[in-house]
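Visitor: got a sequence here, can you model it:
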Amino acid sequence: MDDKSREQNKNVMNKVILFNKRPVGKPTMDDFKFVEEEMPEAATGQVLLKTLYVSVDPYLRGRMTNAKSYIPPFELNKPLQSTVVAEVVASNNDKFKVGDHITGNLSWKEFQVSDGSGLNKVDGNVASLSAYLGVLGMTGLTAYFGLTEIAHPKAGETVVISGAAGAVGSIAGQIAKILGCKVIGLAGSEEKIELLKSKFGFDEAINYKTTTDMKQAIADAAPNGVDIYFDNVGGEISDAVLANINKFGRVPLCGSISNYNDTEVELGPRVQSTLVKNSVLMQGFIVSNYMDKFKDGIEQLSKWLQEGKLDYSETVVNGFDQIPQAFIDLFDGKNSGKMVVKI
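Guide: Alright, predicted model coming up:
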């Protein structure tokens, strides 16, 4: 960066979103703080990144709680982080050149520097840049590995997906269809039900908000029982699905968004007798368990995407200042597919 550019940068401030306080129940805007800082500069070995797209995901709620988990909690008065697509706007690192597009787990900042660790180049000619936060990113890989590594679908089996119109669920359902399964999706609006059938090719879809007897509704949609349940939500919906699970059923446990904001432990049916009686496998997982297979997973997802076998949906919110609200909106089901913020 030349002296003139440095002088101009002194007059430009960089927007940052800090973690202000730990939420009780559902997060609110008070849990975030907007600040400005001086524009960063790339030192030797570093790149200067301009944020283009920010992913907001339900798992971030867990990082807002000061409790031991598979990933450290966010620190108060520090920037939050999630997966970001950014453009290299200045480079003092031989591995990256100006104009490269990358993804990485980065801070909620308009501009930031990196030494290149954990950054992966992406090609906007293969798919839209935002797709690398969804179908070709952690979202797609979560659906892919949850099914192929835990559920091992066989053609002709019945698969139920909860949170089916969400980022992971919509992809998991399509992969199950590609592998020859009957797929039933559970979602919370008639618009989402239509989307599951018309765009994503689900065989059946059930609106859990208007259905009074979920156990019976699932039994009607799956007269031969449920072989695989891809669980994104937990709670009473999962109780209803497990009541219909077949012998040797498999349950990849991806998430439990219905419980993320609970302030007390929810009481519900105990699953042990169901699992034992039907020899059911229930396995929780996180996508990083399969990090050594990411390359193969992305190649397969890209192939299906290019062949037209895989489609995806995004809810794109515009504006850096909208990142916290977009995250909060996840818990009200305001997204269809992947929730992405375009800067």
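
Visitor: remind me which residues of the stretch 201-343 of the chain are low pLDDT?
Guide: Within the stretch 201-343 of the chain, the stretches with pLDDT under 70 are 257-268.

Visitor: what about the strands in it?
Guide: Secondary structure of the stretch 201-343 of the chain by DSSP state E, counting those that start in this stretch: the strands cover 204-207, 226-230, 245-253, 281-284, 314-318, 338-342.

Visitor: so which elements touch the fifth one?
Guide: Same thing as strand 314-318. strand 338-342 (3 or more Cβ pairs under 8 Å, 6 or more residues apart in numbering; DSSP states H and E). All C-beta atoms are positioned from the backbone trio N, CA, C, and that covers glycine.

Visitor: if we can go back for a sec, a markdown table please, covering the strands of the stretch 201-343 of the chain and showing mean neighbour count and distance to Pro27.
Guide: Below are these laid out as a markdown table (neighbours: other Cβ atoms under 10 Å; distance: least, Cβ to Cβ, whole Å):
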| stretch | mean neighbour count | distance to Pro27 |
| --- | --- | --- |
| strand 204-207 | 20 | 26 |
| strand 226-230 | 26 | 25 |
| strand 245-253 | 20 | 23 |
| strand 281-284 | 15 | 23 |
| strand 314-318 | 16 | 16 |
| strand 338-342 | 24 | 14 |
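
Visitor: can I get those in a markdown table including distance to Ile328?
Guide: Below are the strands of the stretch 201-343 of the chain laid out as a markdown table (distance: least, Cβ to Cβ, whole Å):
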| stretch | distance to Ile328 |
| --- | --- |
| strand 204-207 | 23 |
| strand 226-230 | 25 |
| strand 245-253 | 24 |
| strand 281-284 | 25 |
| strand 314-318 | 11 |
| strand 338-342 | 10 |
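
Visitor: closest one to Glu149 among the ones you listed?
Guide: Taking Cβ to Cβ, strand 245-253 is the member of these nearest to Glu149, at 8.3 Å.

Visitor: quick one: list the elements packing against the closest one.
Guide: For strand 245-253, the packing partners by 3+ Cβ pairs under 8 Å, 6+ apart come out as strand 226-230, strand 281-284.

Visitor: state the distance from the residue lying closest to Ile150 once chain neighbours are set aside to Asn232.
Guide: Excluding the flanking residues, the one nearest Ile150 by Cβ to Cβ, 6 or more residues apart in numbering is Pro252, at 4.2 Å. Relative to Asn232, Pro252 is positioned 10 Å away (Cβ to Cβ, to the nearest Å).

Visitor: can you count the residues close to Ala86?
Guide: The burial count assigned to Ala86 is 28, neighbours taken as other Cβ atoms under 10 Å.

Visitor: list the contacts for the closest residue to Ala240 other than its chain neighbours?
Guide: Nearest-residue entry for Ala240: Met214, 3.7 Å, with adjacent residues in sequence omitted and distances by Cβ to Cβ, 6+ apart. Residues near Met214 by Cβ atoms under 8 Å, 6 or more residues apart in numbering: Ile206, Tyr208, Glu236, Ile237, Ala240, Val241.
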